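Chemist: kindly generate the corresponding structure for this input.
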Amino acid sequence: MLKIIFSSEDILRTRVAPAADPLWELVLSLHLLQGRGRDPLSTTWRRGVARGLRTDTGAERYRLLLALNPPRGYFPDFLTPSASRDGFEAGLEAVRGTPLGRLRRDLTVLAGETPLPPSAGALARGEPEVLQDLTDTMARYQELAVTPYWARVQAAVEADRSRRARAMLDGGAEGLLASLKPAMRWADGVLEVLDYPDTRELHLDGRGLLLVPSFFCSRTPVALLDPSLPPVLVYPVDRLGGLTPEAGGGRESDAAQREALAALLGRTRAAVLQVADEGCTTGEMARRLHISAAAASQHTTVLRNAGLLVSQRDRNTVLHTLTPLGRAVLDA
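Modeler: The predicted structure is shown next:
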């Protein structure tokens, strides 16, 4: 179990990341790829990505990247720098600029748990060409495994952010922390990550905590090992079907989407789309638009099937938020 110890100042400084973090998603997708889970939402994705890696003309290039990211246990902190919140390229630049001491420290810890290829030695020495090759491989992998699903990643993360925002409005920062159950438990200034693989404590010491909702985080929340780094806790969001075969597109899914979009014509559904812009429940939507709850549910179903809304159940309510496509339609 991981216990994160908060002071009153830490509670006030706790916040949720503004968007999906590209390097966290890349790294955690590598863990999901190599894992043995039987999640039906990821099986087809895993097979497709594995096939793409095998048929890549430079398949050997992935050996180091995969070794750095075993499916379980420790992986290097330097692969997920805070700079990646400013974008994928900014994150890769930060990886290339990792201080030599951190490279050696992280890789020493990893080597104690996981066999590493010979190129890891050059990486530990900070050789620029190896760091460049590593980030080039990360970019190539991102294009193959993550970019085709990025709109779904953003939609799922945004839906979770709306849920956390409502928890914050209803209960303040402590309400936000309490909303992270059942994977985590908040009580008396301590956030417990219940299924964490190690037993340790993280004292925030007035720095607060950045909560990072993640699409590819498969089950257990993840924290950085080095307590001197800015405290981060990455936690899984509902993938909302984002790794089903339809997520990759194709003629059948395109035709289905065109058919669903054709059903959107009408003033009421346009109003439903507008109301969902900031996130709202079925009941709130019905009250604002002066329609029945049944009608609101019917309209949101059509919008969801067209890929414009995502819906997430929280106890007795269903929260609806826009997908990136839905926001683009609304802004058009």
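Chemist: can you pull the phi/psi pair for the closest residue to residue 63 other than its chain neighbours?
Modeler: Distances taken as Cβ to Cβ, 6 or more residues apart in numbering place residue 117 nearest to residue 63, at 5.4 Å, with adjacent residues excluded. The way it works is simple: take the backbone N, C-alpha and C, and place the C-beta from them, glycine included. Note on residue 117: its backbone torsions stand at phi -70, psi 160 [degrees, to the nearest 10].
Chemist: heads up, I number from 379, so please use that
Modeler: Got it, first residue is 379 now, which makes that one residue 495.
Chemist: how long is stretch 557-574 end to end?
Modeler: End-to-end distance of stretch 557-574 (Cα to Cα, to the nearest Å): 18 Å.
Chemist: what comes up buried for it?
Modeler: When burial is assessed from 16 or more other Cβ atoms under 10 Å, stretch 557-574 yields the following buried residues: 557-558, 561-564, 569, 571, 574.
Chemist: same question, stretch 437-444
Modeler: For stretch 437-444, burial by neighbour count (16+ other Cβ under 10 Å) applies to 439-440, 442-444.
Chemist: now do the helices in the stretch 429-578 of the chain.
Modeler: Secondary structure of the stretch 429-578 of the chain (DSSP state H, counting those that start in this stretch): helices at 440-446, 466-474, 478-489, 497-502, 506-519, 528-556.
Chemist: reformat these as TSV; add mean pLDDT.
Modeler: Listed next are the helices of the stretch 429-578 of the chain as TSV, based on pLDDT from 0 to 100:
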stretch	mean pLDDT
helix 440-446	94
helix 466-474	97
helix 478-489	96
helix 497-502	94
helix 506-519	96
helix 528-556	89
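Chemist: could these go into JSON lines alongside distance to residue 603?
Modeler: Formatted as JSON lines, those follow (distance: least, Cβ to Cβ, whole Å):
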{"stretch": "helix 440-446", "distance to residue 603": "14"}
{"stretch": "helix 466-474", "distance to residue 603": "17"}
{"stretch": "helix 478-489", "distance to residue 603": "7"}
{"stretch": "helix 497-502", "distance to residue 603": "17"}
{"stretch": "helix 506-519", "distance to residue 603": "19"}
{"stretch": "helix 528-556", "distance to residue 603": "22"}
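Chemist: which one, of the ones you listed, ends up nearest to residue 420?
Modeler: Of all the helices of the stretch 429-578 of the chain, helix 528-556 sits nearest to residue 420, with 12.4 Å by Cβ to Cβ.
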